[in-house]
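K.L.:
No sequence on hand, only this structure:
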């Protein structure tokens with residue numbers, strides 16, 4: 001196996017892991033943001049005034065959570081784009097056509113697209 005192919009396989013493994021982790025992280029932040037939004041809506045529906053500490057704190061937490069969703073989405077997009085480029089490069093190598101690292105990377109891309 002040539003060193004270029006070994007390096008390509010190694011990069012596939014690294015970038016797949018990063019994209020997978022960031023996809024999971026983004027999902028967790030989205031879930032947290034939805035939960036915080038529901039809590040805020042419940043506080044408001046229960047008649048809390050907008051000046052109360054609970055409402056202000058819940059609003060601040062929602063804003064922070066939404067910023068984390070935006071940040072993780074951005075980082076995930078960059079990681080997925082890098083992995084996609086690497087998969088395209090790996091597909092050009094006939095020796096990697098059925099390689100488990102390449103197939104795993106394609107699976108990560110499919111999951112990230114959902």
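P.N.:
The structure has been received and is ready for your questions. Please read all numbers here as calculations on a predicted model, not as lab measurements.
K.L.:
Return the set of buried residues in stretch 86-99.
P.N.:
Of the residues in stretch 86-99, those buried by neighbour count under the rule 16 or more other C-beta atoms under 10 Å are 86, 87, 90, 96, 99. (C-beta placed from N, C-alpha, C; glycine too.)
K.L.:
no wait, stretch 46-63
P.N.:
Buried residues in stretch 46-63 (16+ other C-beta under 10 Å): 48, 55, 58, 59, 61, 62.
K.L.:
tell me the contacts of the first one?
P.N.:
If I follow you right, that is residue 48. Residue 48 sits next to 54, 55 when contact means C-beta atoms under 8 Å, 6 or more residues apart in numbering.
K.L.:
pLDDT on whatever helix or strand residue 60 lives in, on average?
P.N.:
For residue 60, the element it lies in under DSSP states H and E is helix 53-91. Confidence for helix 53-91, expressed as mean pLDDT, is 94.
K.L.:
by contact count, what packs against that helix?
P.N.:
Contact partners of helix 53-91 among helices and strands, from 3 or more C-beta pairs under 8 Å, 6 or more residues apart in numbering; DSSP states H and E: helix 3-45, helix 100-113.
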